[in-house]
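Enquirer: structure for the following, please:
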Amino acid sequence: MHEQSSAAAAQIEFARERLGASIAPGGGRVIDFGCGDGRSVAELRSLGFDAWGTDIHIPDTVVPDTRGRLRLAEQVPFRLPFEDETFDFVFSDQVMEHVEDLVAVFRELIRVMKPGALSTHRFPGPLCPFDGAATSAVP
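Expert: This is a model prediction of the structure:
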């Protein structure tokens, strides 16, 4: 299993076990914010989640079974390509430290989250000069 996709499953497990989230395969709509080539989306789909991804750049080569599920975010003004109150869970893996306008991003994340949905976001550790691992939750 790829490290990024393992991180996606770990974030769902963290949200369930530590935050009490009721995100379940077969019904849970999940979005990977900063999805890259779609590895996390593919893994979560294989686990039974209704997984989607968004990024400011989608590479030409994406993981099979993710085409049509990876969508470009508009940059100016920042806008996610999903309807209001669509997702049960939003996560990112070492993305937020690259965001220029966190307020605009979190407004959009909140907009696409269903009432009561949760989001978790991994950031690099403070002593790690490269992208690392520390999970935090945003209610």
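Enquirer: what about the helices in the protein?
Expert: Secondary structure of the chain (DSSP state H): helices at 3-19, 39-46, 102-112.
Enquirer: just name the most buried of those helices.
Expert: When the helices of the chain are scored by mean count of other CB atoms under 10 Å, the highest mean neighbour count falls to helix 39-46 (a mean of 22). (Glycine included, C-beta is placed from N, CA and C.)
Enquirer: and the longest strand out of those in the chain, what does it pack onto?
Expert: Taking DSSP state E as the criterion, the chain has its longest strand at strand 113-123. For strand 113-123, the contact count by 3 or more CB pairs under 8 Å, 6 or more residues apart in numbering; DSSP states H and E identifies helix 3-19, strand 87-93, strand 134-138 as packing neighbours.
Enquirer: adding distance to T54, write the ones you listed out as JSON lines.
Expert: Shown next, in JSON lines, are these (distance: least, CB to CB, whole Å):
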{"stretch": "helix 3-19", "distance to T54": "14"}
{"stretch": "strand 87-93", "distance to T54": "10"}
{"stretch": "strand 134-138", "distance to T54": "17"}
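Enquirer: now the angle from the longest strand of the chain to strand 87-93?
Expert: 10 degrees (axes from the mean of the first three to the mean of the last three CA atoms, to 10 degrees).
Enquirer: list the neighbouring strands of strand 113-123 plus their orientation.
Expert: Paired neighbours of strand 113-123 in the sheet (DSSP bridges): strand 87-93 (parallel), strand 134-138 (antiparallel).
Enquirer: make CSV out of the helices of the chain and add distance to T61 and mean pLDDT.
Expert: Putting the helices of the chain into CSV (distance: least, CB to CB, whole Å; pLDDT from 0 to 100) gives the following:
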stretch, distance to T61, mean pLDDT
helix 3-19, 15, 80
helix 39-46, 12, 93
helix 102-112, 26, 95
